[in-house]
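*Asks:* Sharing a sequence plus its predicted fold:
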Amino acid sequence: MQAASHQPCYTAPKTIVYLDRNNTPDIWGDIKKTVDETSREAVALGGKRHRTVVLLPKQERFDKTLYRRKNPICPHLIFECCNRIFKRREHGCLSGENKPKAVEVVLKFAKLHDDFDFDDEEQVSSYFDDVLCLDFMKYAERRQPLLPETISGLIDAYNATPENFGVPSDQVIQSVIDLVDRQMERDSIIEGDIAGKQIINNDNATTVNNLESTSPRWACLTT
């Protein structure tokens with residue numbers, strides 16, 4: 001029989017540490033380094049006792065060759081970020097009160113993902129143990145897909161955004177504002193039409209039910 005090991009055994013409560021930050025790929029290396037350094041003692045005592053999980057937004061399919069650089073952020077997500085910010089009346093950081101600033105931040109955020117591919121398992125796993133994709137946009141629940149000109153316009157805006165966290169031109173920013181505003185207006189009209197039809201259908205159903213309960217002739221016709 002082998003002698004029992006008397007080496008110290010590292011034990012710790014199971015804990016989830018959530019890094020609440022926009023962990024864009026440009027700082028994934030720093031995140032990995034921080035996790036490795038803070039867990040070095042635990043690893044030395046009892047081996048690796050942790051797993052890292054990166055939360056990524058689900059992306060919609062589009063022709064990625066239209067981007068000048070490899071980048072995983074789809075134009076649908078660029079729209080959705082602008083859409084949600086534009087709808088904010090008040091916010092400590094970004095809101096619809098300053099649309100140019102909102103567009104600038106969203107485009108710069110998208111550019112921070114250059115040279116990364118969320119579908120490249122080897123690349124992502126070089127930083128994290130696991131990946132969890134979240135359906136942030138719920139695009140499948142939209143009444144209608146984004147207009148083709150919205151998608152193509154946002155692709156053009158991404159391509160026109162400078163490298164190194166540069167600020168897009170006023171022309172580019174205004175083009176995105178116009179695209180998002182038009183798409184939001186169209187979405188609102190579609191939602192209003194559907195809501196109106198639902199009200200009409202509900203009213204018709206109520207009328208039919210009332211007639212069926214009060215008119216034998218109607219009940220006979222409907223059967």
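*Replies:* Nice, thanks for sending it over.

*Asks:* residue ranges of the helices in this structure, please?
*Replies:* 28-38, 40-46, 75-86, 99-111, 121-125, 148-159, 170-214, 216-222 (DSSP state H).

*Asks:* Columns distance to E60 and mean neighbour count on top of those helices, output as JSON lines?
*Replies:* Using the backbone N, CA and C atoms, a C-beta is placed for each residue, glycine as well. Below are these laid out as JSON lines (distance: least, Cβ to Cβ, whole Å; neighbours: other Cβ atoms under 10 Å):
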{"stretch": "helix 28-38", "distance to E60": "23", "mean neighbour count": "13"}
{"stretch": "helix 40-46", "distance to E60": "39", "mean neighbour count": "12"}
{"stretch": "helix 75-86", "distance to E60": "4", "mean neighbour count": "21"}
{"stretch": "helix 99-111", "distance to E60": "14", "mean neighbour count": "20"}
{"stretch": "helix 121-125", "distance to E60": "19", "mean neighbour count": "12"}
{"stretch": "helix 148-159", "distance to E60": "9", "mean neighbour count": "18"}
{"stretch": "helix 170-214", "distance to E60": "14", "mean neighbour count": "13"}
{"stretch": "helix 216-222", "distance to E60": "44", "mean neighbour count": "10"}
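
*Asks:* closest one to F136 among those?
*Replies:* helix 75-86 (7.3 Å; Cβ to Cβ).

*Asks:* what does that closest one rub up against?
*Replies:* By Cβ atoms under 8 Å, 6 or more residues apart in numbering, the residues outside helix 75-86 that reach it are 57, 59-60, 62, 91, 94-96, 99, 102-103, 106-107, 109-110, 136-137, 139, 146, 150-151, 154-155, 157-158, 176, 179-181, 183-184.

*Asks:* Ok, stretch 104-119 next?
*Replies:* Residues contacting stretch 104-119 (Cβ under 8 Å, 6+ apart): 22, 24-26, 56, 59, 69-73, 77-78, 81-82, 85, 94, 123-124, 131, 133, 157-158, 161-163, 165-168, 172-173, 176.

*Asks:* Endpoints of that stretch, how far apart?
*Replies:* 26 Å (Cα to Cα, to the nearest Å).

*Asks:* ok, now stretch 125-144?
*Replies:* 35 Å.

*Asks:* swap in stretch 26-44?
*Replies:* End-to-end for stretch 26-44, by Cα to Cα: 29 Å.
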